[in-house]
Each structure stands twice: as C-alpha cells, then as structure tokens.
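Chemist: quick one, what's the 3D model for this:
(one chain, ligands or ions: 1)
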Amino acid sequence: MSNYSKDFWHPMSHPNEIKQRESIHVVSGDGVYIKDDKGNELLDGVAGLWCVNVGHNRPEMKQAIMKQLDELEYFQLFDGVSHPRATEMAAKLVKMTEPENMKRAFFTSGGSDSVETALKLARQYHIINGQPERKKFISLRNAYHGLHFGGLSVGGINAFRRNYEPLLNNTVNVDAPWLYRNPWNCEDPDQLAQLCADQLAQEIEYQMPDTVAAFIAEPVMGAGGVIVPPEKYWPLVREVCDRYGILLIADEVVTGFGRSGSMFGSRGWGVAPDMMCLAKGISSGYIPLGAVMINERMEKAWDNNADFNGVIMTGYTYSGHPVACAAGIASLDIVENENLPENAKVQGAYLLNKLQGFADKFAKVGEVRGKGLMLAIDLVDDKVTRQPIDPTSGYANRVADIAREQGVLVRPVGTKIILSPPLTFQQEHCDKIAEALDKAFSTVK
Ligand code: PLP
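Modeler: Numbers count the residues shown, from 1 in each chain. Just a heads-up that it's a prediction; the model follows:
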C-alpha cells in the first residue's frame, strides 16, 4: 500500500502483513483526534497505545518540554548526579502514592524496563532481607508485562514467548480472575475471587513459600483482553501474599494515572502493593518515561543494609531523562487538575453501557467488558460455548477497518477489539465510537 515502508519493521508484526493491509500514516494529533496523511480526521479510540491520556497537542505539555530543552536537554542520574526535574518528578510520584505508602521512585525508560527493574528489586529485597532462597515469581495466565526477557518470563501469553526460549525463565502462572472464561466455569464474582486466591495459595504451598519472591499482576489486565477482576480479588491476593511473606507487584503501566477510573488501578480495589510499575500515562506518551515505586517495607530493608548487595545493579541511560520528567510533571498536573481518573470512570461507564447491548445484537460479540476507559469487545464463533473467534479469520481487522471509514480508530487484537481512548474523552466521543462500531458490526459478516 502507499504508506508501506520496507525501511522499518513494525513492532509485533510480520513484515509482509503490513503490506497486505491499508496502513495508516498518522501525521498530526489534536485533543482526542489524529489526522492521517490523506487529511482524514480520526477519533483516537486507543490513545496512541493506551498512553496519550491527556490528549494530543496540549500546549502545557509542549511548553514544559520546550522550557526544559532551553534549560537542560539531558544529563544522567548515575554516579549520584541529579537534576531538578528528576527530583521534582520523584517528589510528585511519592506524594501521589501516599495512600499506598510508596517511598521512592526508580526511573526507567518505559514499561518493560519498569517490570525488569521491579523483578530485580524483588529478588534483591529478599537477599538483603536474609531470605536469598526466595527466587520464584508467580503471575497470571494472559498477563502482559512487557517484552524484555524478565517481563516475558513472567508474562502469561505464550505466543509472545515461544520463539525466544530458552533465555526465558519458567515462571509459574495461575488462572486469571476472569468471569467470562475460567476453568471452573464460575460466574459468581465472590466465589471466583476466592477460587483464584485459593489457587494462588495452593501454588505457593506447592512451590514452598520460602522460595517465592513475588506475585506480579496488572490490577486490570490490559493486553490480555481487559480482564476486570471481581471486587474481592485484589484484597484476597494481598492477604495471601502477606500470609506467605511474598511481595505484591502491581504492574500499573496501563492502569496508572487514571485509566481504570481511579488514580491507580490497585487503589480502585483498595489495595496497596509493595511495588508499582509505571509508564505510559506517566508522561502521556509525549516523551518515553517509566518508574518503579517501592513502599516503606522495601525502603526500610535498604535503610538497614550497608553492603554491596544493596547496590541496584541496573539503570538506564535515559532513567529520569530531564525532558521526560518535565513532560511527566506537566502530564500529571493535568491529570490531577482536570480530575481525569473521575472522567475516565464516568465516561467509561457511559461507553460500556452503550456497547454492552452489542452482545445481544451481534452474533460475533460474546461480551463487552471494561473498567474506566479500558474496554474490550470479546469476539466469539459460538456464543454458547464462548469459543473465541478464529483469529486468522481477519474479522477483528475488518471491523476496525469499517470503524476507521466512519472516522474512528479502534484496535483489533486477534479475538478482541480494544478501546483505550484519551482520558479527556467526553460523551459525544463515546457516542461516536458506539455509532461507528455499530455500523462496523452490522456490515462485517
Ligand atoms: N506492562 C504492561 C501492563 C503493559 O501493558 C505494557 C505495555 O503495553 C508493558 C508493561 C510494557 O511497556 P512498554 O511497551 O512501554 O515497554
């Protein structure tokens, strides 16, 4: 197609696949809209990639970035060096996570880096805490924790792993708290929460508790298909982790800063993890940035340690990049000042309500689910058995293509359509998405 470039390889794609589809060449963005090179305006139903939370082309963001470029474009944070934006950004993150008792931020360049760092910190925490045998990680089936080797090792989507063995570690996966599809065919939320927590506890017992370092999970699973756990799930998981002395790592790369309708996903479940992995919404995608937050329990372990084992042997050239931190501060100011988590909650509930009727109306829609402004339309070949649609059928792509013709960009991912718009979305934008998808599902057979 006209925009196909053989000079670069699109992430997560076969090079030939892009040639076969009408590719999109995004040339500009403004608010909740983007424009392609043909002059078409598209409603951004995916916020770039779950990240442009404050919307495109915000003057406050550009001013903060320009101002920082005038002052200091880059300096490192190694060797004890710092700069004002890193200090301010860290203070802001600690303040924002006061309810979770987070005490310190370690900066990274993005989500995968944040997960790697958290896994290392978990291992190291137990070493300096006198329990070096705590080496294992437990995570969820369908989990997505980025694509570096550590994140892939704890990831639960096998398709991402298969070509990259044997550098990966075999992590133990337990079942996700997924009401629509779970091995017990359980549709009662409380019961499912208990079944999943019991399974986690049994797995820990089986592995031997003093060999397990941490349990890592997304508060609401994103890439795995927007799996929203039952109310009681996270509090029960916290209890299980505490019972066995295991760290709880919340991968908040998608859910952090409002997307799921509360400032942090775990806060939405009333749970304080031991570590939080952050990225995406932290700088609204204007400049790459990530962070890992550690809580008081972890900080104390380091406070009481003075030897070499306490040195964190990791860090990135762009950890705490000054321009990224300037973007981060500006982005989080907007998130707070405009109360975007609340807007995500209100608009997300409105959009979910509009889309849920699709499950009755269209043969291929099995379920529409979501929390805040993260939603998924689950496509099935059989509504009764809930057999997922054949991903090679191209159905999701065709739906997305028709939606695009209606001026709306949504994300087809195999057996699902994913929606994750900017958190500045208003009712009229939700209406527009619903209308475009209605038309798309009515058209595609
Ligand atoms: N963790 C979660 C939950 C994610 O959704 C993602 C990316 O989508 C990552 C980690 C990896 O982030 P990045 O792509 O910035 O490396």
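Chemist: centre of the chain to stretch 61-71, how far?
Modeler: 27 Å (CA atoms, centre = their mean, to the nearest Å).
Chemist: give the buried residues for it.
Modeler: Burial within stretch 61-71, assessed by neighbour count using 16 or more other CB atoms under 10 Å, is assigned to 61, 64, 65, 68. All C-beta spots, glycine's among them, are computed from the backbone N, C-alpha and C.
Chemist: next one: stretch 161-175
Modeler: Within stretch 161-175, the residues scored as buried using 16+ other CB under 10 Å are 161, 168, 171, 172, 173, 174, 175.
Chemist: and the contacts of that stretch?
Modeler: Applying CB atoms under 8 Å, 6 or more residues apart in numbering, the contact partners of stretch 161-175 are 136-141, 143, 149-150, 152-156, 182-183, 196, 199-200, 203, 207.
Chemist: in PyMOL, select just the buried ones from those.
Modeler: Paste this into PyMOL to select the buried members of the contacts of stretch 161-175, with burial taken from 16+ other CB under 10 Å:
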select buried, resi 136+137+138+139+140+141+143+150+152+153+154+155+156+182+196+199+200+203
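Chemist: among the contacts of stretch 161-175, name the ones in strands.
Modeler: 136, 137, 138, 139, 140 (DSSP state E).
Chemist: roughly how far does residue 185 sit from the ligand?
Modeler: 27 Å (CB to the nearest ligand atom, to the nearest Å).
Chemist: also residue 256?
Modeler: Residue 256 is 9 Å from the ligand, by CB to the nearest ligand atom.
Chemist: and the stretch 51-200 of the chain, which residues reach the ligand?
Modeler: 110, 111, 112, 115, 144, 145, 146 (CB under 6 Å from any ligand atom).
Chemist: so which of those residues is the closest to residue 229?
Modeler: Ranked by distance to residue 229 (CB to CB), those are led by residue 144 at 15.1 Å.
Chemist: sorry, back to before: columns pLDDT on top of the ones in strands among the contacts of stretch 161-175, output as a markdown table?
Modeler: Output for the ones in strands among the contacts of stretch 161-175, formatted as a markdown table (pLDDT from 0 to 100):
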| residue | pLDDT |
| --- | --- |
| 136 | 97 |
| 137 | 97 |
| 138 | 98 |
| 139 | 98 |
| 140 | 98 |
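Chemist: doesn't residue 279 make contact with residue 117?
Modeler: No - look at residue 117 against residue 279 with CB atoms under 8 Å: they stay out of range, at 10.9 Å.
Chemist: ok, residue 145 - contacts?
Modeler: Contacts of residue 145 (CB under 8 Å, 6+ apart): 112, 115, 139, 151, 152, 154, 155, 216, 218, 251, 277.
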